[in-house]
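Enquirer: Next one to model:
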Amino acid sequence: LNTNEASECPPGALAALNALGPEGLFRYPDPTAMPLRRDLADHYRLSPEQVVVGNGSDEILSLLIRAVCEPGAEVLAPDPAYSLYPVLAATQGAAYRAVPCLEDFALDLETICAARPAVTFVTSPNNPAGTSYPAGQIARICESGHNLVVVDEAYAEFAESNALELLGRYPNLAIARTFSKAYGLAGARVGYLLGPAGLCRTLLAIKDAYNVSAAAQAAARAALGDRGWAEAMWEQLRSRRSRLIAGLAAIPGLEPHPSQANFVLADCGPPPRSPAARAAGRAQDPGPPPRPRPRGRERAPHHCRHGPRNRPAAGRTFGDLRLGLMSIRRPGPDSSCR
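Expert: Numbers count the residues shown, from 1 in each chain. Below you'll find the predicted structure:
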């Protein structure tokens with residue numbers, strides 16, 4: 001659950017791996033993954049020069065920071081966000097600035113647009129809440145300055161909207177995606193960037209020579225071509241996600257957030273206190289205060305994230321959660337909760 005992996009992979013990708021043959025092992029792969037770049041370009045109606053393929057989208061994010069950040073430059077992202085961003089910034093000697101999200105994980109557009117970092121990352125749908133940000137908000141960030149804006153769309157295939165329509169309008173916009181989540185190829189490690197041709201040329205110049213294996217390229221090409229399987233899997237996940245949200249909402253003490261990703265974040269409320277502390281609180285407090293809505297990492301410490309699974313697994317999850325919450329919220333007379 002922690003890594004939000006898919007629970008299956010495309011049959012076409014497995015067939016492609018079986019058909020790879022000895023040459024797929026004893027020969028080096030295409031150094032720029034050009035056949036896969038052409039396939040992606042056709043898929044998104046771009047040119048191959050606007051596509052870069054990497055060893056997972058993590059490598060793409062690393063290449064972006066290396067390409068645009070001098071030591072001391074600023075990398076900006078909303079908070080909470082993908083935990084790798086500050087690690088990559090520190091590796092390049094860049095300063096990392098986290099802008100706390102507003103109510104319900106909304107972007108603080110005023111603060112973000114007023115900043116002048118070398119690169120701004122926006123994860124959409126975001127992690128851990130699964131909130132998807134409309135294209136209009138991304139456009140506003142792009143229009144606020146000349147810095148690079150990267151929309152990290154690792155979960156975009158599960159969402160109702162994305163930033164693809166903005167690519168031709170803003171020369172400072174790039175989109176990072178991956179085959180790990182929506183195509184079930186986390187073990188193959190294939191990510192890619194869609195963006196301006198000049199930026200793509202820079203990334204191709206600084207990446208490792210053979211960064212994506214022949215097996216990974218073959219699996220990704222087959223997965224991209226197995227459209228029927230992919231779209232059916234995405235629709236099934238959306239349906240399971242809706243059932244998961246409804247099931248979590250039916251459990252007293254849990255408040256699931258709307259999600260456009262392949263996971264659901266649920267607010268579990270503040271941790272329970274010991275019987276003595278509760279009695280002291282009742283004596284001083286006329287009633288419980290309203291539960292604060294999460295605002296970024298510091299405001300969302302009592303949350304749990306769940307991935308939509310099949311019906312038997314979902315049933316076990318709901319049962320375990322009910323029992324767990326009953327045990328911590330209704331302690332015996334001599335017990336204390338930790």
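Enquirer: Quick one: the helices in the protein, in order.
Expert: Here the chain has its helices, by DSSP state H, at 11-18, 23-26, 34-44, 56-68, 84-91, 109-114, 135-143, 197-206, 214-225, 227-249, 275-284, 311-329.
Enquirer: Quick check, Cys113 in contact with Ile141.
Expert: Yes: with contact defined as C-beta atoms under 8 Å, Cys113 reaches Ile141; the gap is 6.0 Å. (Each C-beta comes from the backbone N, C-alpha and C, glycine too.)
Enquirer: Comparing the two, which residue is more hemmed in?
Expert: Of the pair Cys113 and Ile141, Ile141 is the one with more neighbours under other C-beta atoms under 10 Å, namely 23 against 17.
Enquirer: Low-confidence regions, the chain specifically.
Expert: Residue ranges of the chain with pLDDT under 70: 1-2, 271-338.
Enquirer: The same query, at a cut-off of 80, please.
Expert: 1-2, 269-338 (pLDDT under 80).
Enquirer: Contacts only, for Ile60.
Expert: The contact partners of Ile60, by C-beta atoms under 8 Å, 6 or more residues apart in numbering, come to Val52, Gly54, Ala176, Gly191, Tyr192, Leu193, Leu203.
Enquirer: Select, from the residues you listed, the two members most distant in space.
Expert: Gly191 and Leu203 (11.7 Å; C-beta to C-beta).
Enquirer: Ignoring the adjacent residues along the chain, who's closest to Pro86?
Expert: Closest residue to Pro86 apart from its sequence neighbours, by C-beta to C-beta, 6 or more residues apart in numbering: Tyr96 at 4.2 Å.
Enquirer: ok, how many other residues are close to the one you found?
Expert: By the criterion of other C-beta under 10 Å, Tyr96 has 16 neighbours.
Enquirer: and if you look at Arg243?
Expert: 13.
Enquirer: I'd like to know how far it sits from Pro125.
Expert: Using C-beta to C-beta, to the nearest Å, Arg243 is found at 18 Å from Pro125.
Enquirer: try Val150
Expert: For Val150, the distance to Pro125 equals 15 Å [C-beta to C-beta].
Enquirer: before we move on, what about Ala266?
Expert: For Ala266, the distance to Pro125 - C-beta to C-beta - is 16 Å.
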